[in-house]
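Q: Next one to model:
(2 chains)
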Amino acid sequence: MQASPLLRAEGLVTHLFTDSGRVRAVDGVSLEVRAGEAVALVGESGCGKSMTALSLMRLVRPPGRILEGVVEFEGTPLLPLSDAEMRRLRGGRLAMIFQDPMTYLNPLMRVGAQIVEAIVLHQKVSAQAARTIALEALERVRIPAAATVLDYFPHQLSGGMRQRVLIAMAISSRPSLLIADEPTTALDVTVQAQIMQLLAEVRRALGSALLLITHDFGLVAEYCDRVYVMYAGQIVEEGSVFDVFERPRHPYTRALLRSTLGPDKRVASFTTIEGQPPSLIAPPRGCRFHPRCPEAMARCASESPPRFGLGVGVAARCWLHAGDAPAGREVAHG
Amino acid sequence: MAEAPAFAAAAAPVLEVRDLKVHFPVAGGWFQRETRVVHAVDGVSLAVHPGEVVAVVGESGCGKTTLARAVLGLVDATAGEIRVKGAPIIGLDAASLRAHRRRVQMVFQDPFDSLNPRKTILSTLAQPLSIHGIVPAGEIRREAARLLDLVGLSPGEAFLDRYPHQFSGGQRQRACIARAIAVRPELVVADEAVSALDISIRAQILTLLQRLKAEFGLSYLFITHDLGVVRSLCDRVVVMYLGRIVEEGPTERIFTAPGHPYTAALMASCPLPDPRLARARKTVTLSGDLPSPVSPPAGCRFHTRCPVAQAICGREAPPAIELGQGQRAHCHFAADAPRWQAGAGPAQESKP
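A: Numbering: from 1, shown residues only, chains lettered A, B, ... in the order given. Next up, the predicted model:
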């Protein structure tokens, strides 16, 4: 493997202390993103992928709390940083794009003023210089008549344009890592393609890495280099997109991929995974997938499987691989 | 499902829509004094035959949901005809409209919004059963339990007295489907019925819809933006853009040999869950946003974003070009489709 990753999380644990109980949303997650690469964190709703992203950015709000683990960004441990130090990092070297741009744009402030505010906060430049940087950023995300758009209010823009504005804000500080949480879920498919290709282009120009949080295996296959599959608060499989799509090692990944319908082929009968994802207040003992797993063995109900390394950058959290893993490569998390 | 649909042209369609227009007035201009018109559906014709699954695809604002609502009798048509089993449904009196509502049922995208949170599942199911006199009053509970068993909420008896909030998303969608089939409809209009569901739950609901279709001889009008679902579930596809049909035909033809540049762009924009295929293909990115349906472009409505548009496209609305096997594309250059798809078009971009 390469030297030190850009972002590294090790044994991250974030729980939500709700009235109905303790939700183990992130329960021992380890992942890394290297400079310039596109990594997906994929899973179904409620698996903890968004909470993982918020934990990496230290944006977890009560009742959620980061309890354990290490997050390192560019070699700096993030969890011990003060709130002020963290604010300087966010929106600077480490930027984030969310699903619903309207939640993160101030409806009463002109688009230009919002981008300028963000730039002045992070780059110690004059408002005039910031306006120039904002204009460049809008042009880079191919907003037509960017100078006019600077004076628009967010409601005057379409959903795709708002997402472009958010991307412009995110890249104005030339981040080394962009975390994008379902950035195109609310958009139509042709607009989604525009935005994803724009992200790829901007990343190439700036050399930024991407951590894409998504439920869509199509986006993972199309735009990412590596993928982490998440289920019930844990990473169950990781590998390059070719590894994971062509030789999925975890029964959950296999079932999900068989249930994924693409426009490229007609599936005569749908493969289904019985049941539904477990409650994260009282997750199943042993492997969290075992109640739904077609290949479950006796051991799966009682012992939680460790992460079995199965080659360079390839790992699965499943007892089926207990025999395959090279000796000494078992690394238990959580 | 897998075999090609061989519908005899002779079979009378369950649903027939002819030249349907649905226009909405909207206030605009200074002090909302001007009245302008949204051409939500602007001259749409289609048919659904018995046992057939017809997809209506398109992006937001294309009019697909308005079309579904018109078929359900939930919005008034401005012009045109809608027939169910040959009987017109526009201009019906209240009693006939009720009979129509029994024959055509609906399943919506959001199972959270489409079940009354204050009613148990039993009372949600009891209402249509008694209004339409499907079973005698004394048998409603048993029938409701049977319906829940049918949709995979079993044992049904155990679910009858629960409220929607006690159900997961997938279970709620099953309950909505039970309500739709309770009155033994002939056509089910499904508006993004599986779009909000997770992959594993979506596959379960699609399996259920397929099974119910086979068991009860149902037909579906399937409104969706999800092309993966369309390819695997639907027999025929109707593609809409800004209130009009741009292309229609058998599913396999539409996916493998689209005759309209918009259809081709939709296909090319849809992410492929296969890293090798995804990296190998060329992508046509449409520029710009959807024009306003208040003042749609003249000529071909797609010409402002079309990668192969010529001068004629801005002047003349294209006629329907027959491409064989029931495939029709509304494009001046549909006959050239193989050529512009191969990259001969002026504005093709390869993917970055």
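
Q: From here on, just use CA atoms for contacts and neighbour counts.
A: Fine.

Q: Centroid-wise, who is the farthest residue in chain A?
A: Within chain A, A:Q128 marks the point farthest from the mean C-alpha position, 34.1 Å out by C-alpha atoms, centre = their mean.

Q: before we move on, what SS does that residue have?
A: Secondary structure assignment for A:Q128 (DSSP: H, G, I helix; E, B strand; the rest coil): helix.

Q: Where does the prediction get shaky in chain A?
A: A:1-3, A:325-334 (pLDDT under 70).

Q: One more pass at 80, please.
A: Applying pLDDT under 80 to chain A flags the ranges A:1-3, A:100-103, A:186, A:324-334.

Q: same question, the stretch 101-250 of chain B
A: B:110-113.

Q: Tell me which helix or strand the residue of it found nearest chain A sits in.
A: Residue nearest to chain A within the stretch 101-250 of chain B: B:G228 (4.1 Å; C-alpha to the nearest C-alpha). Per DSSP states H and E: B:G228 is located in helix B:227-233.

Q: How is chain A divided into domains?
A: Per automatic domain parsing, the domain ranges recorded for chain A read A:7-93+A:173-331, A:102-172.

Q: Make CSV out of the ones you listed and add distance to chain B.
A: Output for the domains of chain A, formatted as CSV (distance: least, C-alpha to the nearest C-alpha, whole Å):
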stretch, distance to chain B
domain A:7-93+A:173-331, 4
domain A:102-172, 8
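
Q: need those in CSV with distance to B:I82, can you?
A: Listed next are the domains of chain A as CSV, based on distance: least, C-alpha to C-alpha, whole Å:
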stretch, distance to B:I82
domain A:7-93+A:173-331, 29
domain A:102-172, 33
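
Q: In chain B, which helix is the longest?
A: Assignment by DSSP state H gives helix B:199-216 as the longest helix of chain B.

Q: same question, chain A
A: helix A:189-206.

Q: helices or strands next to the next helix or strand after that helix in the packing?
A: Note on helix A:189-206: by DSSP H and E, the next helix or strand toward the C-terminus is strand A:209-214. Helices and strands touching strand A:209-214, by 3 or more C-alpha pairs under 8 Å, 6 or more residues apart in numbering or on different chains; DSSP states H and E, are strand A:21-33, strand A:38-42, helix A:49-56, strand A:177-181.

Q: for the stretch 51-200 of chain A, what spans make up the strands?
A: A:64-73, A:76-77, A:94-97, A:177-181 (DSSP state E, counting those that start in this stretch).

Q: The longest one pairs with which strands, parallel or anti?
A: The pairing partners recorded for strand A:64-73 under DSSP bridges are strand A:7-18 (antiparallel), strand A:76-77 (antiparallel).

Q: Just the buried residues of that strand, please?
A: Buried positions in strand A:64-73, judged by neighbour count with 16 or more other C-alpha atoms under 10 Å in any protein chain shown: A:64-66, A:68-73.

Q: Just give me the residue right at the centre of chain B.
A: B:I223 (1.7 Å).

Q: So that one is in contact with B:A55, correct?
A: Yes. Applying C-alpha atoms under 8 Å, one finds B:I223 in contact with B:A55, separated by 5.8 Å.

Q: What about the residue of the stretch 251-352 of chain B found nearest chain A, how many residues nearby?
A: Residue nearest to chain A within the stretch 251-352 of chain B: B:P273 (3.9 Å; C-alpha to the nearest C-alpha). For B:P273, the count of nearby residues is 23 (other C-alpha atoms under 10 Å in any protein chain shown).

Q: give me phi/psi at it?
A: Main-chain torsions, B:P273, degrees, to the nearest 10: phi -80, psi 50.

Q: can you pull the contacts of the nearest residue to it once chain neighbours are set aside?
A: Distance criterion C-alpha to C-alpha, 6 or more residues apart in numbering or on different chains; nearest residue to B:P273, sequence neighbours excluded, is A:G218 at 3.9 Å. Residues near A:G218 by C-alpha atoms under 8 Å, 6 or more residues apart in numbering or on different chains: A:262, B:270-274.

Q: Farthest pair within these?
A: Spatially, the most separated pair among the contacts of A:G218 is B:C270 and B:D274, at 11.8 Å (C-alpha to C-alpha).

Q: These two - which one has more neighbours?
A: B:C270 (25 against 21).

Q: Isn't that one up against A:V189?
A: Yes. Counting by C-alpha under 8 Å, B:C270 does reach A:V189; the two are 6.1 Å apart.

Q: Neighbours of residue 247, how many?
A: Assuming you mean chain A. Neighbours of A:R247 using other C-alpha under 10 Å come to 12.

Q: actually chain B
A: Count around B:E247 with other C-alpha under 10 Å applied: 25.

Q: So it lies in a strand, does it not?
A: Yes. According to three-state DSSP, B:E247 belongs to a strand.

Q: dump the residue contacts of the residue of the stretch 101-250 of chain B closest to chain A.
A: So B:G228 contacts A:261-264 (C-alpha under 8 Å, 6+ apart).

Q: ok so, going back, CSV please, covering the helices and strands packed on strand A:209-214 and showing mean neighbour count and distance to A:R87.
A: Formatted as CSV, the helices and strands packed on strand A:209-214 follow (neighbours: other C-alpha atoms under 10 Å in any protein chain shown; distance: least, C-alpha to C-alpha, whole Å):
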stretch, mean neighbour count, distance to A:R87
strand A:21-33, 21, 21
strand A:38-42, 26, 24
helix A:49-56, 23, 13
strand A:177-181, 24, 15
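
Q: re the thing from before, show me the one of the strands paired with strand A:64-73 that comes nearest A:Q114.
A: strand A:7-18 (27.6 Å).

Q: buried stuff in the closest one?
A: Here strand A:7-18 shows A:7-16 as buried, counting by 16+ other C-alpha under 10 Å.

Q: tell me the angle of that strand relative to strand A:209-214?
A: Relative orientation of strand A:7-18 versus strand A:209-214 (axes from the mean of the first three to the mean of the last three C-alpha atoms, to 10 degrees): 30 degrees.

Q: What are the contacting residues of strand A:7-18?
A: A:22-34, A:51-52, A:55-56, A:62-75, A:333-334.

Q: Okay, helices next: where are they in the chain?
A: Using chain A. Counting by DSSP H, the helices of chain A are A:49-56, A:83-89, A:101-104, A:111-123, A:127-140, A:146-149, A:159-171, A:189-206, A:217-223, A:241-246, A:251-259.

Q: oops, I was thinking of chain B
A: B:64-71, B:94-103, B:121-131, B:140-150, B:156-159, B:169-182, B:199-216, B:227-233, B:251-256, B:261-269, B:275-280, B:311-315, B:337-339.

Q: For A:G313, the count of nearby residues, please.
A: Residues near A:G313, counting by other C-alpha under 10 Å: 12.

Q: Now it: closest residue in space that isn't a chain neighbour?
A: A:G313 sits nearest to A:G239 (C-alpha to C-alpha, 6+ apart), 5.5 Å away.
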